[in-house]
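Q: 3D, please:
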Amino acid sequence: MQKLKVAIIGCGKIASLRHAPEYQMNPNVEIVGFYDVDCTRAKSLSEYFGGQAFSSLSDLIASDAEAVSVCTANIHHAQNTIQLLKAGKHVLCEKPMAVTPHECEEMVLEAKKCGKHLLIGLNQRFSAAHTQAREMIVRGDIGKALSFHTCFAHPGPEIWTGMNNTWFFDKHIAAFGAMADLGVHKVDLIHYLLGEHISSVTAQLRTIDKKLPTGELISVDDNGMCILETPSGVIGQLHVSWTNYGQEDNSTTIYGTEGVIKLYADPDHSLVLEKKDGTVIKENPDHQLTNEDQLAGKLQNTGVIDEFVSAILDNRPSRLDASESIHAMRDLFASAQSSDFGKKIHIYEE
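A: Residues are numbered from 1 along each chain as shown. The predicted structure follows:
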């Protein structure tokens, strides 16, 4: 089989710790190169993972790369993605998809128009415990889903980037804070687990502690609390935080009429099923890597790159297609509106 030629735009941590290593591990991939506005970063990754360091985005676009990972700052996602799609490239874009509803819609439309794959890197759909939980919910192991609680909280992106004035804190570049950085994963996970989208959001987004080196509060939210509802009547709470200075919390609990599923809430068991009759089943299908684990050099295949490559080579739809991922973005925009206007926001699907 001929290998898929891939390239990466944006050579920060997400590229060096996830995209590039996972492409390198995939036997059906050839890395042709990297581009970054900081040419030294592109050169460093090309020397380590292979391929060339492109001197410009135009050079990368003119190359024989068939598929590209967009790992740039949030504000550039839509522009980079649309430019690549128009050039005939398949695209895997990091989350959040884009910074406005219009940009997200344009990305989906352009992918359809060009007949190219556009996937969004929402990796929680591929965690082993999550995929097993989805099967259990469909099978009826906890009866009818009634409510949920999901949380993603860690010390903040400065731990990941190594910079106290990281672009994640700049509203002009990131556009959003913790809600989009972390919350997008969790609302998308709820969509996946429950098999339906969120229909209304009541949210409070706040900046309560995270500061720049100058001592000023950052310009984006560092905490978010949401009440989410689905069309079938399931109601739940979402909590995201960049101010959890203890152990990372990336857990989800689904409550049903016949039992409860707890995911990544027990340090020794990534999936716990508690039945109404008192039966408790504890399993450990995988271990969820934290940011600290990855920074320490522990690699774990997220499944996102393999899915991207497979979807292209097999020419099939993917659970990470932008046409599905855009629903999580609608939830994020609704949460910001809810927080700004102090009221519940209903999400109307087309």
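Q: contacts and neighbour counts: CA atoms only from here.
A: Noted.
Q: contacting residues around the nearest residue to D64 once chain neighbours are set aside?
A: Once flanking residues are discounted, D64 sits nearest to K5: 7.0 Å by C-alpha to C-alpha, 6 or more residues apart in numbering. Each residue near K5 by C-alpha atoms under 8 Å, 6 or more residues apart in numbering is listed here: V29, E30, I31, V32, D64, A65, E66, A67.
Q: Compare those and tell me which has the most neighbours.
A: A67 (26 neighbours; other C-alpha atoms under 10 Å).
Q: and it, what is it in contact with?
A: Going by C-alpha under 8 Å, 6+ apart, A67 touches L4, K5, V6, A7, K89, H90, V91, L92.
Q: Could you list the low-confidence segments of the stretch 201-350 of the chain?
A: In the predicted model of the stretch 201-350 of the chain, residues 289-299, 349-350 satisfy pLDDT under 70.
Q: rerun that using 80 as the cut-off
A: Low-confidence segments of the stretch 201-350 of the chain, defined by pLDDT under 80, are located at 287-300, 349-350.
Q: can you give me the helices in it?
A: Using DSSP state H, counting those that start in this stretch, the helices of the stretch 201-350 of the chain run over 291-295, 304-314, 322-341.
Q: How about E196, nearest residue that isn't a chain neighbour?
A: Take E196 and drop its neighbours on the chain: the residue closest to it by C-alpha to C-alpha, 6+ apart is T230, 6.9 Å away.
Q: measure the one you found to D340 for me?
A: T230 is 22 Å from D340, where distance means C-alpha to C-alpha, to the nearest Å.
Q: for I208, same thing?
A: 16 Å.
Q: Could you pull out the buried residues of stretch 167-183?
A: Under the neighbour-count criterion of 16 or more other C-alpha atoms under 10 Å, stretch 167-183 has 167-171, 174-183 buried.
Q: no, scratch that, I was asking about stretch 15-32
A: 15-23, 28-32.
Q: Show me those that map onto strands.
A: V29, E30, I31, V32 (DSSP state E).
Q: quick one, what contacts the first one?
A: Meaning V29. K3, L4, K5, V6, Y23, V309.
Q: mind listing what the residue nearest the centre of the chain touches?
A: With distances taken as C-alpha atoms, centre = their mean, the residue of the chain nearest its centroid is L122 (3.3 Å). Applying C-alpha under 8 Å, 6+ apart, one finds that L122 lies in contact with E94, K95, V184, H185, D188, V304, L320, S325.
Q: Just the closest of these to H154, please.
A: Nearest to H154 among the contacts of L122, counting by C-alpha to C-alpha, is H185 at 13.8 Å.
Q: Mind telling me what element that closest one is part of?
A: Using DSSP states H and E, the element containing H185 is helix 184-194.
Q: In that helix, which residues are buried?
A: For helix 184-194, by 16+ other C-alpha under 10 Å, it's V184, H185, K186, V187, D188, L189, I190, H191, Y192, L193, L194.
Q: And for stretch 82-90?
A: I82, Q83, L84, L85, K86, G88, K89, H90.
Q: Show me these that map onto helices.
A: I82, Q83, L84, L85, K86 (DSSP state H).
Q: ok, the fourth one touching E110?
A: Okay, so that is L85. Yes: using C-alpha atoms under 8 Å, L85 is in contact with E110, at 6.9 Å.
Q: Per the annotation, how does the protein divide into domains?
A: 4-123, 124-298+320-346 (automatic domain parsing).
Q: so R125, which of the three states?
A: Three-state call for R125 (DSSP: H, G, I helix; E, B strand; the rest coil): helix.
Q: need the contact list for it.
A: Residues near R125 by C-alpha under 8 Å, 6+ apart: T131, D188, L189, Y192, R319.
Q: Distance to I261 for the residues you listed - can I get that in CSV?
A: As requested, these are exported to CSV (distance: C-alpha to C-alpha, whole Å):
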residue, distance to I261
T131, 12
D188, 17
L189, 14
Y192, 14
R319, 22
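Q: Can you name the two of the residues you listed that sit furthest apart?
A: Using C-alpha to C-alpha, the pair of the contacts of R125 lying farthest apart is T131 and D188, separated by 13.0 Å.
Q: Can I get the host helix or strand of L146 in CSV? Just the C-alpha atoms.
A: Assignment of secondary structure by DSSP H and E places L146 within strand 145-153. Taking Å, rounded to 0.1, in the frame of the first residue of the first chain, the C-alpha atoms of strand 145-153 are listed here in CSV:
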residue,chain,number,x,y,z
ALA,A,145,-29.9,7.7,31.1
LEU,A,146,-31.2,10.3,33.5
SER,A,147,-28.4,12.7,34.4
PHE,A,148,-24.6,13.1,34.3
HIS,A,149,-21.7,15.0,35.8
THR,A,150,-18.5,15.6,33.8
CYS,A,151,-15.3,17.4,34.8
PHE,A,152,-12.0,18.4,33.3
ALA,A,153,-9.8,20.3,35.6
